[in-house]
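Participant: A structural model of the following input is requested.
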Amino acid sequence: MSQAFEFSVSTIRFDEHYQPSENTRITTNFANLARGKRREANLRDTLRMINNRFNALANWDNPTGDRYSVELDIVSVDIDVTGNGQTFPTIEILKTEIVDQRTNERIPGLVGNNFSSYVRDYDFSVLLQEHNKDKQGFSIPNNFGALHGKIFQSFVQSSTFKEHFSKLPVICLSVSETKIYQRTENKHPILGFEYVPNESSLTETYFKQMGLQVRYFMPANSSAPLAFYFFGDLLNDYTNLELIGTISTMETFQKIYRPEIYNANAAAGERFKPSLKHLDHSLTQIEYDREERSQLAVKQGKFTEEHFIKPYQTILNQWSANFGL
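Facilitator: Model (predicted):
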């Protein structure tokens, strides 16, 4: 068995007063919202959208549609490769907590939701781009995503994860523009109708390296399916309120920065081809700079190469080769 890296976890509340720390990944959707003149209004409106969506889905014993509110913590995970106390920021995810206003009960939600990673920025914005530079066609480098996947699995298996979280993570992402999704007859009371893609995507393959499988569901009154990445049994391992917390949070983010798909004026039918060129959609009042986010991903990928991949190359290669042995 390879020597375990040490992980540390810190959290910061995502609310209208949230300000990204110097260490946070500024390409994350929540950090991007917390910038500019409208930052507090952006955050307040985002949280209102999340709460409204949550109550719309959790509509039983909720006659006035305001029984629940969702609180969000940004979870930052740092890794210590050499055990000398020097850490590198590795992963950022979100943790939901549900507040029942009627009973004053606080109900733990799921960890995961959004997923953000410096090493993923390096893989997609530096390594993959350089591999395909000046090439005819498109190909994937050997072992693409292997190191990142093993780091993620190592964290989830670590005592640090188990100390902080009682259930395995569920990550919720957008569907792929390059795939076609077909609706099935399978319908979950919360997740809605299941869709299946016509083929696997690069993101699916990348997350499979993290040990995650994927299923696609479109909740009631949504415009498009969401991709749910998970361990175990998505439909039976989590409660209705836990799943609603993830749906309401991540669908809100998708409406803000992929409105062409998730704030479309017509819902996906039996056969669905997502497109960011779709014109028949509505914009939220929340400011978001999608182009800047792509540029920052390249910048942060190069930062990862300089401060993590290259300095620890030998250790990382050796650890990765022995992981799970």
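Participant: the helix or strand hosting Ser76 pairs with which strands, and in what direction?
Facilitator: Per DSSP states H and E, Ser76 falls inside strand 68-80. According to DSSP bridges, strand 68-80 forms sheet pairs with strand 6-14 (antiparallel), strand 88-100 (antiparallel).
Participant: and of these, who's closest to Glu185?
Facilitator: Among these, strand 88-100 comes nearest to Glu185, with 29.8 Å by Cβ to Cβ. The C-beta positions use only the backbone N, C-alpha and C, and glycine is treated the same way.
Participant: show me what counts as buried in the following helix or strand past that closest one.
Facilitator: Downstream of strand 88-100, the first helix or strand assigned by DSSP H and E is strand 105-117. Residues of strand 105-117 classed as buried by neighbour count (16 or more other Cβ atoms under 10 Å): 108-117.
Participant: how many residues are close by the closest residue to Ser222 other than its chain neighbours?
Facilitator: Spatially, and ignoring its direct neighbours in sequence, Ser222 is nearest to Glu251 (6.3 Å; Cβ to Cβ, 6 or more residues apart in numbering). Close neighbours of Glu251, defined as other Cβ atoms under 10 Å, add up to 23.
Participant: wait, isn't Glu251 in contact with Arg53?
Facilitator: Yes. Between Glu251 and Arg53 there is a contact under Cβ atoms under 8 Å: 6.2 Å.
Participant: that older thread, how about CSV for the strands paired with strand 68-80, with mean neighbour count, distance to Ala146 and mean pLDDT added?
Facilitator: CSV is the format used below for those (neighbours: other Cβ atoms under 10 Å; distance: least, Cβ to Cβ, whole Å; pLDDT from 0 to 100):
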stretch, mean neighbour count, distance to Ala146, mean pLDDT
strand 6-14, 16, 19, 92
strand 88-100, 21, 15, 94
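Participant: including distance to Glu40, could those strands go into JSON lines?
Facilitator: Converted to JSON lines, the strands paired with strand 68-80 look like this (distance: least, Cβ to Cβ, whole Å):
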{"stretch": "strand 6-14", "distance to Glu40": "13"}
{"stretch": "strand 88-100", "distance to Glu40": "19"}
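Participant: Ile171: which of the ones you listed is closest?
Facilitator: strand 88-100 (7.4 Å).
Participant: what about this protein, any weak spots by pLDDT?
Facilitator: Scanning the chain with the threshold set as pLDDT under 70 gives 1-3, 20-37, 285-294, 325.
Participant: leaving out sequence neighbours, find the closest residue to the residue nearest the centre of it.
Facilitator: Taking Cα atoms, centre = their mean, the centroid of the chain lies closest to Asn114, which sits 2.4 Å from it. The shortest distance from Asn114 to any non-neighbouring residue, by Cβ to Cβ, 6+ apart, is to Leu94 (4.7 Å).
Participant: wait, what's in contact with that neighbour?
Facilitator: 14, 30, 72-75, 111-114, 249 (Cβ atoms under 8 Å, 6 or more residues apart in numbering).
Participant: cutoff 10 Å now
Facilitator: By Cβ atoms under 10 Å, 6 or more residues apart in numbering, the contact set of Leu94 is 11, 14, 28-30, 72-75, 109-116, 169, 171-172, 245-246, 249-250, 253.
Participant: now it: how far from Tyr195?
Facilitator: Per Cβ to Cβ, to the nearest Å, Leu94 is found 24 Å from Tyr195.
Participant: equivalent analysis for Phe308, please.
Facilitator: For Phe308 relative to Tyr195 (Cβ to Cβ), the value is 36 Å.
Participant: and for Lys150?
Facilitator: Noted for Lys150: a distance of 30 Å to Tyr195, by Cβ to Cβ.
Participant: higher neighbour count, those two?
Facilitator: In this view Lys150 and Tyr195 are compared by other Cβ under 10 Å, and Tyr195 has more residues nearby, 25 against 22.
Participant: ok, the nearest residue to Ile79 once chain neighbours are set aside - contacts?
Facilitator: Nearest in space to Ile79, with sequence neighbours left out and distances taken as Cβ to Cβ, 6+ apart, is Thr90 at 4.5 Å. Taking Cβ under 10 Å, 6+ apart, we find Thr90 in contact with 5, 7-8, 25, 76-79, 81, 116-120, 148, 151-152, 155, 304, 308.
Participant: great, nothing more from me.
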